[in-house]
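Enquirer: coords please:
(one chain, ligands or ions: 1)
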Amino acid sequence: MSISPFLRLKEIAPQEQPKSDEDFSVAWQSPANIAIIKYWGKKYGQLPASPSLSMTLDQAVTETHVNVFTKKRVKGIMAINGDPDHLFLPKMQRLYDWMAADLPVLNSISLSVSTRNTFPHSTGIASSASGISAFALCLLSIAGKIMSAEPSMDEFLHMASGCARIGSGSACRSMYGGFAVWGRSGCIEEAADEYATPVTGHIHPAMYSMRDAILVISADPKILSSTLGHESMQGHPFFSGRIGQSNKNLEEALQAMSANDFEKLSAVAECEALTLHALIMSANPGSLLMKPATVEVIHRVREARNKGIPLFFTLDAGANVHVMYPDASAAIVENFIRDVLQPLCEDNRVIFDRCGKGPVNITSIPGL
Ligand code: DP6
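Expert: Below is the predicted model:
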């Protein structure tokens, strides 16, 4: 059984029963993140098979509002945006059930969830990291409010990260601004499988202004769900080698990020992206998620780097490409993106984003 970091809430709560039966609402804004070292493959208990490292984004966020009703007959999550079949409902339900098993107060309420992404529509980007992290933050706020528990912000985010992981692994890394690591590893002592940890001491200040241009190669829905993708690593012939490689790549990425060595970081990040796709292609059944334009972007990025433009690419489990570059070179890289890469994107769509600061509690902001 995995440890449930949110149980700390019980220790600090003066009571487990609601003080009043008033309806109320909570709201959080939470960002997506882009993995530099990839999480791909799980252990039992929604724990990662290997460590991952991500940069939290700034503009790509989800805003989630949850209305809590204390007297309705139907308990639990009633609907998401009025849709009982919402894409993220299974992940949200899993998270809710997991928390409710230990916090019975959650079984006595009904939730109506409304959620929206700030990513432009029709880009095919439906980030479970931002969506699930925003919901985990809301659920933990709800439990804390009912139990009158007031953890410090550090404690709260730590607990929320452990909860978010149950809904979607990558979501646990969205709790922190800058960079976060998830999964035990020899090179970061504090890193754990049950929750993500912010990576602070290891990073050169220049890294915190890193930019990320998301190139929308295809807005079509994903052809491989992350659930099936992770599952396909069981018995995969290359997977044991992958564990050693990800640990070594994490160590190298951290060295590069502390020394502000962009060239070294580029080599590690691209190795991770191509390894992810190589594992996916060679699984049984295998999938080919890159489109011709994905491959063309990769070649053009590498040609530009060979000519001295500092940038690298990374990929999630799909055809879209993230192009990352230092803030100091934003003008030259963005000219290159507009002239050379943007024409390869579906409807010329590029989302310009950057390293962000983490989630924001928007409960008390009127009009949102
Ligand atoms: C390729 O977090 O979506 O984006 O835990 O099953 O919800 P579940 O998987 P998910 O996997 C993300 C995989 C990835 C790499 C990464 O973000 O590290």
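Enquirer: where does the stretch 101-250 of the chain have low pLDDT?
Expert: 121-124, 126 (pLDDT under 70).
Enquirer: interface residues of it facing the ligand?
Expert: 128, 168-170, 226-227, 230 (C-beta under 6 Å from any ligand atom). In this view, the C-beta of every residue, glycine as well, is placed from N, C-alpha and C.
Enquirer: okay, these in JSON lines with neighbour count and secondary structure next?
Expert: JSON lines is the format used below for those (neighbours: other C-beta atoms under 10 Å; DSSP: H, G, I helix; E, B strand; the rest coil):
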{"residue": "Ser128", "neighbour count": "22", "secondary structure": "helix"}
{"residue": "Ser168", "neighbour count": "26", "secondary structure": "coil"}
{"residue": "Gly169", "neighbour count": "24", "secondary structure": "helix"}
{"residue": "Ser170", "neighbour count": "27", "secondary structure": "helix"}
{"residue": "Ser226", "neighbour count": "19", "secondary structure": "helix"}
{"residue": "Thr227", "neighbour count": "12", "secondary structure": "helix"}
{"residue": "His230", "neighbour count": "18", "secondary structure": "helix"}
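Enquirer: Could you dump those residues into a markdown table with distance to Ile203 added?
Expert: Listed next are those as a markdown table, based on distance: C-beta to C-beta, whole Å:
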| residue | distance to Ile203 |
| --- | --- |
| Ser128 | 25 |
| Ser168 | 24 |
| Gly169 | 22 |
| Ser170 | 19 |
| Ser226 | 27 |
| Thr227 | 31 |
| His230 | 27 |
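Enquirer: Identify each buried residue in the helix or strand where Glu303 lies, please.
Expert: Element membership for Glu303 (DSSP states H and E) is helix 292-306. For helix 292-306, the buried set under the neighbour-count rule, 16 or more other C-beta atoms under 10 Å, comprises 293-294, 296-298, 300-301, 304-305.
Enquirer: ditto for stretch 268-287
Expert: Buried residues in stretch 268-287 (16+ other C-beta under 10 Å): 268-273, 275-277, 279-280, 283, 287.
Enquirer: Let me see the contact set for the residue nearest the centre of the chain.
Expert: Closest to where the C-alpha atoms of the chain average out (C-alpha atoms, centre = their mean) is Ala129, at 3.3 Å. Residues near Ala129 by C-beta atoms under 8 Å, 6 or more residues apart in numbering: 31-33, 168, 170-171, 173-174.
Enquirer: State the helix or strand in which it lies.
Expert: helix 128-146.
Enquirer: As a check, name the ranges of all helices in the stretch 151-300 of the chain.
Expert: Ranges of helices in the stretch 151-300 of the chain, per DSSP state H, counting those that start in this stretch, are 153-167, 226-231, 239-258, 262-281, 292-306.
Enquirer: can you put these in TSV and add distance to Ala213?
Expert: Shown next, in TSV, are those (distance: least, C-beta to C-beta, whole Å):
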stretch	distance to Ala213
helix 153-167	26
helix 226-231	23
helix 239-258	19
helix 262-281	14
helix 292-306	11
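Enquirer: For Val216, find the nearest of these.
Expert: Of all the helices of the stretch 151-300 of the chain, it is helix 292-306 that lies closest to Val216, at 10.0 Å by C-beta to C-beta.
Enquirer: how many other residues sit next to the closest residue to Glu22 other than its chain neighbours?
Expert: Excluding its sequence neighbours, the residue lying closest to Glu22 (C-beta to C-beta, 6 or more residues apart in numbering) is Thr70, at 7.0 Å. Using other C-beta atoms under 10 Å, Thr70 has 14 other residues around it.
Enquirer: And Thr70, how far from the ligand?
Expert: 30 Å (C-beta to the nearest ligand atom, to the nearest Å).
Enquirer: That residue against Ser25, yeah?
Expert: No: judged on C-beta atoms under 8 Å, Thr70 makes no contact with Ser25 at a distance of 12.0 Å.
Enquirer: Name the helix or strand for the nearest residue to Glu155 once chain neighbours are set aside, please.
Expert: Counting by C-beta to C-beta, 6+ apart, Glu155 lies nearest to Arg8, which is 6.4 Å off, once chain neighbours are set aside. Secondary structure from DSSP H and E places Arg8 in helix 8-12.
Enquirer: Let me know whether the following helix or strand past that helix sits next to the ligand.
Expert: Per DSSP H and E, the first helix or strand lying C-terminal to helix 8-12 is strand 24-37. Yes: using C-beta under 6 Å from any ligand atom, we find that strand 24-37 touches the ligand at Ala35.
Enquirer: Quickly run through the sheet partners of the next helix-or-strand element following strand 24-37, with directions.
Expert: Counting by DSSP H and E, the next helix or strand C-terminal to strand 24-37 is strand 42-43. Using DSSP bridges, the strands paired with strand 42-43 are strand 47-48 (antiparallel).
Enquirer: burial of the residue nearest to Gly144 when sequence neighbours are not counted, as a residue count?
Expert: Closest residue to Gly144 apart from its sequence neighbours, by C-beta to C-beta, 6+ apart: Leu9 at 6.2 Å. Using other C-beta under 10 Å, Leu9 is surrounded by 23 other residues.
Enquirer: and Leu9, what does it touch?
Expert: 103, 140, 143-144, 147, 149, 151, 159.
Enquirer: Make TSV out of those and add distance to Arg184 and neighbour count.
Expert: TSV is the format used below for these (distance: C-beta to C-beta, whole Å; neighbours: other C-beta atoms under 10 Å):
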residue	distance to Arg184	neighbour count
Leu103	26	23
Leu140	23	26
Ala143	27	24
Gly144	28	20
Met147	30	20
Ala149	28	21
Pro151	24	19
Met159	19	26
